[in-house]
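One predicted model, sequence on top.
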Amino acid sequence: MEVIIIGGGACGASAAARLRRLDDNAKITILEKTNEISIANCGLPYYCSNVINSEEAMHVSGVQKFKNLLNVDIKMGAEVTNIDRKAKTITINGAEVLSYDKLVLAPGAKPFVPQIEVILNNPKIFTVRMLQDAEKIKAYIKNTGVKNAVVIGGGFIGIEMAENLALIDGVKTTLIEQAPHILPPVDSETAAFAQNEIRQHGVSLILSDGVKEFRETELILNSGTKIPYDIAILAIGVKPETSLAKGCGLEIGKTGGVKVNENMQTSDSDIYAGGDSVEVEDFVTGDNVLVPLAGPANRQGRIIADNIAGFKSVYKKTIGSAVVKVFDLTIACAGNSEESLIKKNIPYWKTFTFGFSHASYYPGATRTMYKLLFNNDGDILGIQAAGREGVEKRIDVIATMMRNKQKVWDLIDCELCYAPPYSSAKDPVNILGMHADNILKGLVKPAFFEDLKDSLPVDIRSQAEFQNETIAGAVHIFTPELRTRYNELPKDKKIILFCNTGFQSYVASRILIQKGFNNVYSLTGGITLYKELVKNTNTLQRV
């Protein structure tokens, strides 16, 4: 059996390695049009700043390893120019013709670059996709003495590039995002934590504004703002590489990615496809989506190899679990965001909680903010978190539970490792489940930042905490006093109780509800989340 794999990235390399382990007699050939194979693309921003200071470390595997250990033939600089499905042949560089029994398309995606002459011919503008891109960026910074760097695009790569450029001595960095907040997979509340962290580390952040014009020494934004630059990094997204698939008549999905079935087969049963070039099914909504992440690409490569070798293997949709480092902060997520659910008209509940990274009484504990999205049936629709330690651990746990179709109530029963240096007896995962359970049972009505403008905020913390800092317009009644002072509160107005993080206000709301109040809400995330959101707009009110 002759198997040709087009593309030597995560999916292609994974498919080749797995297939060889399953079939030692197959003739396997990888065709890679660049001079790079099995590169750690996700590490490129860190290589640009020398956080990763070894080029060798950026090579996950190499040509000789594939040839010697796996007996896989690799042709570098081999650009496939034609696929003849009827003859089952491919043409390389317009000349050499190879035949196949099974073909794997894994060309990945390419950075989106506006086809404007001033951008295409500007030596100051770079993208970050290949190791050679990073090498060019490093050389340019070193040889030209860059002082002002601009990153355009606030996705994962854009944020990582902004951070790593800011780490280079003498480089002032600006991050520009056309949307109202950075990090499209999460919502504005979670993004606020990242935005505050970015600003705190000296990066200028411009939101809701895009680049109108590139000039020799400055950028002109849509707002008219002028930004000086010596180097600009375009990180405005990627698009699936589908030219070969389209050229040979394979079906393309509505998202623009190659359409595949659950076995990663294209509309031609002898041609498989995977990685950033294909569309997949969203685990939560069932919609077709593009998810250019290394984890799914690797798994798809393995599944492709299984099916070629005769082992039935299925790709079980994509949850979209992701994590990004933002200086000293970690942002992680899985599933759908609230913004996505609204666009798809999917009903949902939401809540915010704060959990300690480990037992609060053990030194060094830090708080993590969690946002949980779920529905009336208890299905987990999405999870987001922002914190310093153990963030991705909890997101991984919840993503795994989503994969196994467990409910919010099952979060309560998660039996997770506990010792004071690592967690609490009630892990933040358990707390999320308890909070969601209380909401669905009607034991508490959640309120949010956006609800405050139409309500009476009631600070139920101690007098000292209230005097130190509160929400504008809030009245103060300490929780233990509610049982005797509840008559001071109006029953005909929406009341939002708040404390530091939301637990005490939940207790207070239970008191008032049992006193006959029907319009009482608890501010989820409390004043801690409120302050972070207000800090993002620099309008914190103090008394």
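Nice, thanks for sending it over.

ok, how many other residues are close to Asp209?
By other Cβ atoms under 10 Å, the residues close to Asp209 number 16. No exception for glycine: its C-beta is placed from N, CA and C like everyone else's.

before we move on, what about Lys453?
8.

where in the stretch 1-150 of the chain is pLDDT low?
For the stretch 1-150 of the chain, applying pLDDT under 70 flags no range at all.

ignore the last one, the chain
538-543.

any idea which residue of it is furthest from its center?
Thr484 (47.8 Å; Cα atoms, centre = their mean).

Is that one in a helix, a strand, or coil?
With DSSP: H, G, I helix; E, B strand; the rest coil as the basis, Thr484 sits in helix.

likewise Ile141?
helix.

Please shift the residue numbers so they start at 44 in all later answers.
Yep, numbering from 44; the last one is Ile184 now.

what's the distance between it and Ser231?
33 Å (Cβ to Cβ, to the nearest Å).

what residues are up against the residue farthest from the centre of the chain?
With contact set as Cβ atoms under 8 Å, 6 or more residues apart in numbering, Thr527 has no partners.

measure it to Lys534 for me?
Counting by Cβ to Cβ, the gap from Thr527 to Lys534 is 17 Å.

All the helices of the stretch 94-243 of the chain, residue numbers only.
Under the criterion DSSP state H, counting those that start in this stretch, the stretch 94-243 of the chain carries helices at the ranges 106-111, 160-163, 174-187, 199-209, 231-243.

again with the stretch 344-493 of the chain
381-386, 434-446, 451-455, 471-483.

Can you name every helix or strand that the shortest one contacts?
In other words, helix 451-455. helix 434-446, helix 471-483 (3 or more Cβ pairs under 8 Å, 6 or more residues apart in numbering; DSSP states H and E).

Give me the residues contacting the first one.
Residues lying outside helix 434-446 but in contact with it, judged by Cβ under 8 Å, 6+ apart, are 326-327, 359, 362, 364, 366, 373-378, 398, 411, 413, 415, 423, 426-428, 453-454, 457, 459, 470-472, 475.

Dump that helix to PDB, keeping only the CA atoms.
What follows is helix 434-446, C-alpha atoms only, in PDB (Å, rounded to 0.1, in the frame of the first residue of the first chain):
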ATOM      1  CA  VAL A 434      -6.200  27.400  36.000                       C
ATOM      2  CA  GLU A 435      -5.800  25.000  33.100                       C
ATOM      3  CA  LYS A 436      -6.000  22.000  35.500                       C
ATOM      4  CA  ARG A 437      -9.600  22.900  36.400                       C
ATOM      5  CA  ILE A 438     -10.600  23.700  32.800                       C
ATOM      6  CA  ASP A 439      -9.100  20.300  31.800                       C
ATOM      7  CA  VAL A 440     -11.300  18.600  34.400                       C
ATOM      8  CA  ILE A 441     -14.400  20.300  33.200                       C
ATOM      9  CA  ALA A 442     -13.600  19.800  29.500                       C
ATOM     10  CA  THR A 443     -13.200  16.100  30.300                       C
ATOM     11  CA  MET A 444     -16.600  16.000  32.000                       C
ATOM     12  CA  MET A 445     -18.100  17.800  29.000                       C
ATOM     13  CA  ARG A 446     -16.600  15.100  26.700                       C
END
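
for that helix, the distance to its chain's centre please.
13 Å (Cα atoms, centre = their mean, to the nearest Å).

mind listing what's buried in that helix?
434-438, 440-442, 444-445 (16 or more other Cβ atoms under 10 Å).

With stretch 131-142 instead?
By neighbour count on 16+ other Cβ under 10 Å, the buried set for stretch 131-142 is 131, 133, 135, 141.

What of stretch 529-536?
If you call a residue buried by 16+ other Cβ under 10 Å, then stretch 529-536 has these buried ones: 529, 532.

Run through who's touching it.
498-499, 501, 520, 538, 554-555, 558-562.

Quote the end-to-end distance of that stretch.
This stretch, stretch 529-536, spans 13 Å end to end (Cα to Cα, to the nearest Å).

Repeat that for stretch 70-89.
This stretch, stretch 70-89, spans 37 Å end to end (Cα to Cα).

Which of the residues in that stretch are classified as buried?
For stretch 70-89, a neighbour-count test (16+ other Cβ under 10 Å) marks 71-77, 79-84, 86-89 as buried.

ditto for stretch 117-128
Neighbour count says stretch 117-128 has 117-118, 121, 123-124, 126, 128 buried, by 16+ other Cβ under 10 Å.

Which single one of the residues you listed is nearest to Ile48?
Ile117 (9.4 Å; Cβ to Cβ).

Please report how far the residue nearest to Phe395 when sequence neighbours are not counted lies from Val367.
In space, and not counting its chain neighbours, Phe395 is closest to Gly568: 3.5 Å by Cβ to Cβ, 6 or more residues apart in numbering. Distance from Gly568 to Val367, counting by Cβ to Cβ: 21 Å.

How about Thr217?
Thr217 is 19 Å from Val367, by Cβ to Cβ.

For the stretch 144-293 of the chain, just list every one of the strands.
145-148, 152-154, 168-169, 191-195, 215-220, 247-250, 254-257, 261-264, 269-271, 274-277, 281-283 (DSSP state E, counting those that start in this stretch).

would CSV of these with distance to Ala59 and mean neighbour count be doable?
Formatted as CSV, those follow (distance: least, Cβ to Cβ, whole Å; neighbours: other Cβ atoms under 10 Å):
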stretch, distance to Ala59, mean neighbour count
strand 145-148, 8, 28
strand 152-154, 19, 18
strand 168-169, 30, 19
strand 191-195, 34, 25
strand 215-220, 37, 24
strand 247-250, 42, 17
strand 254-257, 40, 16
strand 261-264, 42, 17
strand 269-271, 44, 14
strand 274-277, 31, 24
strand 281-283, 21, 19
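
Let's have the ones you listed in TSV, adding distance to Lys108.
Listed next are the strands of the stretch 144-293 of the chain as TSV, based on distance: least, Cβ to Cβ, whole Å:
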stretch	distance to Lys108
strand 145-148	19
strand 152-154	25
strand 168-169	30
strand 191-195	34
strand 215-220	37
strand 247-250	42
strand 254-257	42
strand 261-264	43
strand 269-271	44
strand 274-277	31
strand 281-283	27
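
right, and these - which one's nearest Leu572?
strand 247-250 (19.5 Å).

for that closest one, packing partners?
Using 3+ Cβ pairs under 8 Å, 6+ apart, strand 247-250 is in contact with strand 215-220, helix 231-243.

who are the neighbours in contact with the residue nearest to Phe395?
Applying Cβ under 8 Å, 6+ apart to Gly568 gives the contacts 232, 395-397, 412, 491-492, 544-545.

and the gap between it and Ala468?
Distance from Gly568 to Ala468, by Cβ to Cβ: 22 Å.

Same check on Glu508?
Plainly put, Glu508 is 26 Å away from Ala468 if you go by Cβ to Cβ.

Likewise for Glu284?
For Glu284, the distance to Ala468 equals 50 Å [Cβ to Cβ].
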